[in-house]
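1. just the structure for this:
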Amino acid sequence: MTAFQRLILRANSGCSWAANAITLRSLITLFEGCLLVALGVRLLQAGGLLVSGTAGISLLGADLTSLSFGSLFFLINLPFYWLAWKQLGLNFTLRTLGCVTLLSVLSDLLASSLPLGNVSLPVAAIAAGLLIGLGVTLLFRENASLGGLNILSLHLERRYGIHAGRTTFSFDLLLIALAALVYPWPQVVGSTLAFATLSFVLGRYHRRTPQTTKIVSQTDTTQNDATQSTASAYDKANVQTVL
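-> Okay, the predicted model is just below:
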């Protein structure tokens, strides 16, 4: 089960108002997560690298147009809020909107106030993947995200039965292919390294919460009961046929 799927289970679990309330601790955690991601984006910009998702589209678009990363990232995420509200609820959608807005502002501020010069591509890729992965993990734990293709993948899975992992992986491959047409091969390899580091960090550090574990256990129990009921009915039907 992916980190985003765990988030979906937690968001759809019927949490109490207290669990969804914005506290000072939640605000600080969300700010920390956005700042970590913004620092990772700044390293990617310095190295001319990409990362997966709408952030990667925004980085590519910023290199090809006169718009900044922050502006593109905010605009690209606009169509996904309706899906987020439908799939994950108003609380998650509002938090995600706030985080996307904050990241857009922070990334543009860092781009103008944090000059980095020449950077080592492998170091920039690994450090950026770590920073973005840890930042997104903090957002996930506070029932928020940075929007984008994960929400679309979930919608396609629920509506048309297309596995969310396949959608995300296919888009990442497409983004790398586009990068190969635009960037020199060192940047393409570095971007692939950033992709891999980000995926590793999300898989390692986004642990299942007790609430989510309970939901998964209930889901597994329900599925097992349904399987046993189906098997029992099948056996009865066979007995009746024999008789």
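
2. who are the packing partners of the helix or strand encompassing Val136?
-> Applying DSSP states H and E as the criterion places Val136 in helix 121-141. Judged by 3 or more CB pairs under 8 Å, 6 or more residues apart in numbering; DSSP states H and E, helix 121-141 is in contact with helix 3-11, helix 24-47, helix 185-205. From N, CA and C alone the C-beta is placed, and that goes for glycine too.

3. what mean pLDDT does it get?
-> Per-residue pLDDT values over helix 121-141 give a mean of 93.

4. got the angle for that helix vs helix 185-205?
-> Interaxial angle, helix 121-141 versus helix 185-205 (axes from the mean of the first three to the mean of the last three CA atoms, to 10 degrees): 30 degrees.

5. check which residues of helix 121-141 are buried.
-> 121, 124-141 (16 or more other CB atoms under 10 Å).

6. ok, then the element right after it?
-> Following helix 121-141 toward the C-terminus (DSSP H and E): helix 149-160.

7. show me what the mean pLDDT comes to for that following helix.
-> Helix 149-160 comes out at a mean pLDDT of 80.

8. on contacts alone, who are the packing partners of it?
-> Helix 149-160 packs on helix 3-11, helix 53-64, helix 80-88, helix 164-182, going by 3+ CB pairs under 8 Å, 6+ apart.

9. thinking again about what came up before, from the chain's centre, how far out does the helix holding Val136 sit?
-> Averaged C-alpha coordinates place helix 121-141 at 12 Å from its chain's average position (CA atoms, centre = their mean, to the nearest Å).

10. for it, output the C-alpha coordinates as CSV.
-> C-alpha atoms of helix 121-141 as CSV (Å, rounded to 0.1, in the frame of the first residue of the first chain):
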residue,chain,number,x,y,z
LEU,A,121,24.0,17.0,-10.0
PRO,A,122,24.1,13.8,-8.0
VAL,A,123,24.3,15.7,-4.7
ALA,A,124,21.5,18.0,-5.7
ALA,A,125,19.3,15.2,-6.9
ILE,A,126,19.7,13.1,-3.8
ALA,A,127,19.3,16.1,-1.4
ALA,A,128,16.3,17.4,-3.3
GLY,A,129,14.6,14.0,-3.2
LEU,A,130,15.3,13.7,0.5
LEU,A,131,14.0,17.2,1.3
ILE,A,132,10.8,16.8,-0.9
GLY,A,133,10.1,13.3,0.4
LEU,A,134,10.4,14.4,4.0
GLY,A,135,8.3,17.5,3.4
VAL,A,136,5.5,15.6,1.6
THR,A,137,5.5,13.0,4.5
LEU,A,138,4.9,15.8,7.0
LEU,A,139,2.0,17.1,4.9
PHE,A,140,0.5,13.6,4.6
ARG,A,141,0.6,13.2,8.3
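
11. could you give the angle of it to helix 149-160?
-> 60 degrees.

12. shift numbering so it begins at 45
-> Shifting the count to begin at 45 puts that one at helix 165-185.

13. mean pLDDT lowest for which of the helices and strands packed on helix 193-204?
-> Minimum mean pLDDT among these: helix 47-55, a mean of 54.
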